[in-house]
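Participant: predicted model and sequence follow; I will ask about them next.
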Amino acid sequence: MFGHDRYHTSQYDFEPKDEPVVSVDDGDNAGSLPKAFVLHQNYPNPFSPASSSIPRPQTLTEIRYELSAPAEVRLRIFNLLGVEVRTLIATTKPAGWHNAPWDGRDEKGKALPSGVYFYRLEVEPQGKRALQVILTRKLVLLY
């Protein structure tokens with residue numbers, strides 16, 4: 001008889017305060033653009049790419065970034081000494097969310113050794129008064 005009301009209170013017009021509130025996001029922000037230039041931490045970090053000496057499935061790390069406006073973008077990988085080992089992106093990109101995979105190899109396709117590396121996003125927004133944005137993060141390559 002009272003199975004629909006766990007506190008049996010409907011007959012007294014009483015609503016308990018501890019009832020959970022459930023809501024659904026209507027997705028109004030689904031079509032919106034990022035509000036800033038953002039460089040996210042790569043995933044997975046640390047990552048272990050496949051190598052010829054150790055048979056395992058190919059693993060890539062994803063580097064995600066956000067652009068609030070169309071821009072000239074350069075995404076480069078550096079070793080601990082500051083030497084550039086790979087350029088992942090060097091082109092104009094539209095505003096929005098983007099990602100770039102990296103397989104742990106240099107420009108020549110040679111597997112890099114385990115260690116700490118840095119990835120650097122350089123963004124030059126299109127426009128007369130736009131300033132260049134440079135963002136850097138650390139990643140770990142582990143065999």
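Facilitator: Thanks, I have the structure now.
Participant: drop to CA atoms for contacts and neighbour counts, all remaining ones
Facilitator: Fine.
Participant: where does pLDDT dip in the protein?
Facilitator: Filtered on pLDDT under 70, the chain yields the residue ranges 1-31, 50-58.
Participant: at 80 what do you get?
Facilitator: 1-31, 48-59, 128-130, 143 (pLDDT under 80).
Participant: grab the most central residue of it for me.
Facilitator: By Cα atoms, centre = their mean, the chain has its centre lying nearest to residue 64, at 3.1 Å.
Participant: list the residues that contact the residue nearest to residue 49 when sequence neighbours are not counted.
Facilitator: Counting by Cα to Cα, 6 or more residues apart in numbering, residue 49 lies nearest to residue 59, which is 4.7 Å off, once chain neighbours are set aside. Residues near residue 59 by Cα atoms under 8 Å, 6 or more residues apart in numbering: 47-50, 103.
Participant: three-state assignment of residue 59?
Facilitator: Here residue 59 is recorded as coil under DSSP: H, G, I helix; E, B strand; the rest coil.
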